[in-house]
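here are the coordinates; sequence isn't available:
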């Protein structure tokens, strides 16, 4: 049994990770300031003697005796990370510094939940880990993109200067139960609109592509990454390489929900990437990992979740 800290643990992905770690027999400290996280996401863990929730902001140093740290704290959808851009970059940068400081003090192994957004609007497709990206440093998405890029820099420098045991993953589009219905992400947007028979909003032509990963696959990859030998630090892409256009996604959601929704087209947001697809060769080789949940199966799960959420 390990003592494991999960920052951002009451969020969509963090709550699934906390559940997995508890089920694996570990003790978990869940840190979250509840900006986008929710106590409802972790309600099923309350009362478990191996689970502790602490309402806390990682912009401030935190002390605990831990063996491992998963650093997930940061709003991840454009609506939320652009709401307070300065807060977003502080969370990414100061949060990384404070979690790395804790790892240094306790000699814990620490994993950074980075993002495919560090590749920006890529000119290399699919994206491989040694691609440096095409990022606008002064755009409306920069608080998140550059915040995550800086966090990766900090992790590498703490590793080089202080010998910290680090792991870096880059998460591609992930969906599943406990997503917020108003987070502006394409899967949750489409499902919520379809269930209400509202117009489905397509930004741009709808020909831009994404690769959609079900949350259970991501959690499996995260745990496997944490458990690799210390010599392997990443970064490693975790995502589903099956590529779909936004139009294809909308059509699948309408079909699965038997919705009467119509498609409505609006201008593409500034700096929105046209393509997003992970090369997962490294994850297959080093983690023995690949996604197992296909889009239609995963969509059925999230559709049922939002049906219950709205009832």
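Structure received. The structure displayed is predicted, hence computed values, not measured ones.

Report the mean per-residue pLDDT for stretch 165-182.
The predicted model assigns stretch 165-182 a mean pLDDT of 94.

Strands of the stretch 201-311 of the chain, start to end?
209-211, 213-214, 236-238, 243-245, 263-266 (DSSP state E, counting those that start in this stretch).

For residue 21, which of the ones you listed is the nearest?
Closest to residue 21 of the strands of the stretch 201-311 of the chain, according to C-beta to C-beta: strand 236-238, at 16.7 Å. From N, CA and C alone the C-beta is placed, and that goes for glycine too.

Show me what the closest one is packed up against.
Taking 3 or more C-beta pairs under 8 Å, 6 or more residues apart in numbering; DSSP states H and E as contact, the helices and strands that strand 236-238 lies on are strand 166-171, helix 215-226, helix 281-287.

what are the pairing partners of it, and which direction each?
strand 166-171 (parallel) (DSSP bridges).

so the strand it pairs with versus helix 215-226, what angle?
Comparing the axes of strand 166-171 and helix 215-226 via axes from the mean of the first three to the mean of the last three C-alpha atoms, to 10 degrees yields an angle of 160 degrees.

can you pull the contacts of the nearest residue to residue 257 once chain neighbours are set aside?
Nearest-residue entry for residue 257: residue 194, 4.3 Å, with adjacent residues in sequence omitted and distances by C-beta to C-beta, 6 or more residues apart in numbering. Applying C-beta atoms under 8 Å, 6 or more residues apart in numbering, one finds that residue 194 lies in contact with 200, 253-254, 257, 259, 261.

Also residue 284?
Residue 284 is in contact with residue 290, counting by C-beta under 8 Å, 6+ apart.

now the one 10 residues further on
Residue 294 sits next to residue 242 when contact means C-beta under 8 Å, 6+ apart.

Next, format the contacts of residue 194 as TSV and append neighbour count, distance to residue 14 and pLDDT.
Formatted as TSV, the contacts of residue 194 follow (neighbours: other C-beta atoms under 10 Å; distance: C-beta to C-beta, whole Å; pLDDT from 0 to 100):
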residue	neighbour count	distance to residue 14	pLDDT
200	25	28	94
253	24	25	96
254	19	31	96
257	21	27	96
259	19	30	95
261	19	31	94
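
Show me the two of those that sit farthest apart.
Spatially, the most separated pair among the contacts of residue 194 is 200 and 257, at 10.3 Å (C-beta to C-beta).

just to revisit the earlier point, go through the helices and strands packed on strand 236-238 and pick out the most buried.
For those, average neighbour numbers computed from mean count of other C-beta atoms under 10 Å are highest in strand 166-171, which has a mean of 24.

Quick one: distance of stretch 197-207 to the chain centre.
23 Å (C-alpha atoms, centre = their mean, to the nearest Å).

neighbouring contacts of it?
Outside of stretch 197-207, the residues within contact range by C-beta under 8 Å, 6+ apart are 189-190, 193-194, 245-247, 250, 253-254, 259-269, 272.

Show me just the buried residues among these.
In terms of neighbour count (16 or more other C-beta atoms under 10 Å), the buried residues within those are 189-190, 193-194, 246-247, 250, 253-254, 259, 261.

mind listing the strands for the stretch 51-200 of the chain?
Residue ranges of the strands in the stretch 51-200 of the chain, as given by DSSP E, counting those that start in this stretch, are 51-55, 68-71, 109-115, 166-171, 174-175, 200-203.

Dump those to JSON lines, plus distance to residue 293.
JSON lines is the format used below for these (distance: least, C-beta to C-beta, whole Å):
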{"stretch": "strand 51-55", "distance to residue 293": "26"}
{"stretch": "strand 68-71", "distance to residue 293": "21"}
{"stretch": "strand 109-115", "distance to residue 293": "19"}
{"stretch": "strand 166-171", "distance to residue 293": "15"}
{"stretch": "strand 174-175", "distance to residue 293": "10"}
{"stretch": "strand 200-203", "distance to residue 293": "23"}
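
Pick the most buried one from those strands.
Mean neighbour count, computed with mean count of other C-beta under 10 Å, is highest for strand 68-71 among these, reaching a mean of 27.

on that earlier part again, export the strands of the stretch 201-311 of the chain to JSON lines and tack on mean pLDDT and distance to residue 29?
Putting those into JSON lines (pLDDT from 0 to 100; distance: least, C-beta to C-beta, whole Å) gives the following:
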{"stretch": "strand 209-211", "mean pLDDT": "89", "distance to residue 29": "32"}
{"stretch": "strand 213-214", "mean pLDDT": "96", "distance to residue 29": "26"}
{"stretch": "strand 236-238", "mean pLDDT": "98", "distance to residue 29": "23"}
{"stretch": "strand 243-245", "mean pLDDT": "92", "distance to residue 29": "37"}
{"stretch": "strand 263-266", "mean pLDDT": "92", "distance to residue 29": "42"}
